[in-house]
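Peer 1: Sequence and predicted structure below; questions after.
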Amino acid sequence: MTQLTIGHPTTGDDVVHLTVPADGGYLGVLRTATAGLAARLQFALDEIEDLRIAVDEACAMLLAIATRDAELECRFAVTEDALTVEVTVPTVRGATLPSESSFAWKVLTALTSGADAHAEGGRATISLLTRRAGGY
């Protein structure tokens, strides 16, 4: 099941929730949503592509540890000059995320303004923050 929810939290920022099956075949939906929201913020084309790649890499990391028949939850928070993408998935018992010294993390930190991850309670989350150039 694919689910899309759009809302305005109390901060006034736009928040988009997108839930897709935890299957690589659905990552295109998340990449497209990422590009559309980044374009809305008037990110440069290379910034949009970097963010699409980062979201794809984060999702690939999570899919590797996801439970069977899981759903991948993606939360996009749009502010005036930044886009935060938070991807969460239920994980198999004993699953761990790649270390921050891994190649995957090097990719995430090179392509975004900031990346963070945590796993607890049978769920893993990766958060990515990207600020528009000049919006620091």
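Peer 2: Happy to help now that I have it. Everything numeric in this text was worked out from a predicted model, so none of it was measured. Numbering: from 1, shown residues only.
Peer 1: contacts and neighbour counts: CA atoms only from here.
Peer 2: Noted.
Peer 1: Need phi/psi at the nearest residue to Arg123 once chain neighbours are set aside.
Peer 2: Nearest in space to Arg123, with sequence neighbours left out and distances taken as Cα to Cα, 6 or more residues apart in numbering, is Pro90 at 4.2 Å. Torsion angles at Pro90 (phi, psi; degrees, to the nearest 10) stand at phi -70, psi 140.
Peer 1: One more: Ala117?
Peer 2: Dihedral angles (degrees, to the nearest 10) for Ala117: phi -150, psi 150.
Peer 1: List the residues that contact the residue nearest to Arg123.
Peer 2: 66-67, 70-72, 122-124 (Cα atoms under 8 Å, 6 or more residues apart in numbering).
Peer 1: Which single one of these is nearest to Leu30?
Peer 2: Leu72 (9.8 Å; Cα to Cα).
Peer 1: Any figure for the gap between that closest one and Val85?
Peer 2: Distance from Leu72 to Val85, counting by Cα to Cα, to the nearest Å: 12 Å.
Peer 1: Next, the buried residues of the helix ranked longest in the chain.
Peer 2: Longest helix of the chain, by residue count under DSSP state H: helix 45-63. Within helix 45-63, the residues that count as buried by 16 or more other Cα atoms under 10 Å are 47-63.
Peer 1: cool, and stretch 114-126?
Peer 2: 115, 117, 119, 123-126.
Peer 1: in the protein, which residue is closest to the centre?
Peer 2: In the chain, the residue lying closest to the centroid (Cα atoms, centre = their mean) is Val85, at 3.9 Å.
Peer 1: who touches that residue in this structure?
Peer 2: Here Val85 is in contact with 55, 74-77, 127-129 (Cα under 8 Å, 6+ apart).
Peer 1: Could you say which helix or strand holds it?
Peer 2: strand 82-90 (DSSP states H and E).
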